[in-house]
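A.B. asks: Pasted the sequence and its predicted model underneath.
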Amino acid sequence: MQTRGVRPTADRERRLRDEGSWPVAGVDEAGRGALAGPVVAGAVVSDWCVPLPWHHDVRDSKQLTAARRERLFELIMTEALSVGVGIVSSEEIDRIGIAAASRKAMYEALAALAVAPSCVLIDWFTLPMLRTRQEGVPGGDARCVSIASASIVAKVTRDRIMTEMDRRYDGYGFAAHKGYGTAAHLCCLRERGASPVHRLSFRPVRLIAGGLL
């Protein structure tokens with residue numbers, strides 16, 4: 001599915017409003033594929049049908065520079081109706097698996113909202129235990145302004161966590177690669193071994209720990 005360069009719209013959110021499902025929360029996660037650090041989910045409720053200036057600037061967080069993500073994050077946090085964040089640690093990821101951990105972070109983000117949504121739009125996922133109406137939207141972070149906003153909240157929150165982890169666990173380069181499996185990160189793993197925030201259940205970490213990679 002080609003989504004690169006697509007500007008998210010509020011078309012789906014408007015349809016839901018017209019069907020009587022309002023307000024709408026967008027939900028997305030960050031860090032699912034990383035080798036270290038938590039998985040983080042964001043949930044955002046705004047009046048998507050009355051566009052604010054930042055609605056037009058929102059994109060899938062992966063398409064934005066770090067500076068633009070930070071600027072939009074601050075606008076979302078101050079101007080959205082409600083924002084929730086859920087964080088699941090690397091230890092819990094190892095214990096329950098990344099899919100369950102990602103869903104748990106999303107449940108926590110929704111539970112943290114001060115404004116209860118009537119419908120939830122989620123990037124790809126659906127949440128089996130969620131009683132609220134929901135839609136899993138393939139490529140939703142590039143298509144729905146609510147999900148794209150949530151992706152920015154999740155990404156910036158997680159990046160800040162990884163920058164703090166870089167100060168705590170010097171030498172792994174977490175501030176640069178944010179825990180993803182770059183060549184530099186894998187080199188650090190081979191030289192230093194796993195840190196307390198590495199996901200030991202992930203294959204590259206497990207293989208390097210066992211001297212097999």
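C.D. replies: Yep, that arrived.

A.B. asks: pLDDT-wise, which helix or strand of the protein ranks last?
C.D. replies: helix 53-57 (a mean of 85; mean pLDDT, DSSP states H and E).

A.B. asks: For that helix, name the packing helices and strands.
C.D. replies: Secondary-structure packing of helix 53-57 (3 or more Cβ pairs under 8 Å, 6 or more residues apart in numbering; DSSP states H and E): helix 66-79. Yep, even glycine has a C-beta here, placed from its N, CA and C like the rest.

A.B. asks: who does the helix it packs on touch, helix- and strand-wise?
C.D. replies: Contact partners of helix 66-79 among helices and strands, from 3+ Cβ pairs under 8 Å, 6+ apart: helix 53-57, helix 145-168.

A.B. asks: So what touches the shortest one?
C.D. replies: Think helix 53-57. With contact meaning Cβ atoms under 8 Å, 6 or more residues apart in numbering, helix 53-57 is reached by 7, 10, 46, 48, 68, 72, 75-76, 79, 145.

A.B. asks: From the residues you listed, list just the buried residues.
C.D. replies: Neighbour counting over the contacts of helix 53-57 (16 or more other Cβ atoms under 10 Å) leaves 10, 46, 48, 72, 75-76, 145 as the buried ones.

A.B. asks: just those residues now: which is nearest Met162?
C.D. replies: Proximity of these to Met162, judged by Cβ to Cβ, is greatest for Leu72, which lies at 18.7 Å.

A.B. asks: give the contact list for that closest one.
C.D. replies: Counting by Cβ under 8 Å, 6+ apart, Leu72 has contacts 54, 57-58, 64, 149, 152.
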